[in-house]
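Enquirer: No letters, just coordinates:
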């Protein structure tokens, strides 16, 4: 396993790295997405199954604080803290 230092990445990058205002590090270019890519460690988690329906789902919908829809499309199927996480090294967007 090779050591990969924490790269300089943008605030919205999924990579584990160091945030810097001035710019970001670039290791490659993705022609399909037209974005700079960086090789970095990425955390992948999966919440445990917790199906919610009926009155519980209705209460969750009406008790939210924001008028915006929930960004997680599976929020009624999965909830809670994950029991484990996976850290893998791969190419991801730099910002």
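Expert: All right, it came through fine. Since this is a predicted model, take the numbers as computed values, not measurements.
Enquirer: Near residue 85, how many other residues are there?
Expert: 9 (other Cβ atoms under 10 Å). Using the backbone N, CA and C atoms, a C-beta is placed for each residue, glycine as well.
Enquirer: shouldn't it be in contact with residue 47?
Expert: No - with contact defined as Cβ atoms under 8 Å, residue 85 does not count as touching residue 47 (10.7 Å).
Enquirer: how about residue 85, what does it touch?
Expert: Contacts for residue 85 (Cβ atoms under 8 Å, 6 or more residues apart in numbering) come out as 43-45.
Enquirer: got it, and residue 87?
Expert: Contacts of residue 87 by Cβ under 8 Å, 6+ apart are 16, 41-44.
Enquirer: Tell me the buried residues within those residues.
Expert: Among the contacts of residue 87, those that count as buried by neighbour count (16 or more other Cβ atoms under 10 Å) are 16, 42.
Enquirer: closest to residue 89 among the contacts of residue 87?
Expert: Checking the contacts of residue 87 against residue 89 with Cβ to Cβ, the nearest one is residue 41 at 5.3 Å.
Enquirer: so residue 8 bridges to which residues?
Expert: residue 18 (DSSP bridges).
Enquirer: What is the neighbour count of it?
Expert: 20.
Enquirer: That one contacts residue 17, correct?
Expert: Yes - contact criterion Cβ under 8 Å: residue 8 and residue 17 qualify, at 6.4 Å.
Enquirer: Need the pLDDT of the most centrally placed residue in the chain.
Expert: Residue closest to the mean C-alpha point of the chain, counted by Cα atoms, centre = their mean, is residue 14 at 5.3 Å. We have a pLDDT of 85 for residue 14.
Enquirer: repeat for residue 10
Expert: Looking at residue 10, its pLDDT reads 81.
Enquirer: ok, so what distance separates the residue lying closest to it once chain neighbours are set aside from residue 23?
Expert: Of all residues not flanking residue 10 in the chain, residue 95 sits nearest, at 2.6 Å (Cβ to Cβ, 6 or more residues apart in numbering). Using Cβ to Cβ, to the nearest Å, one gets 9 Å for the distance from residue 95 to residue 23.
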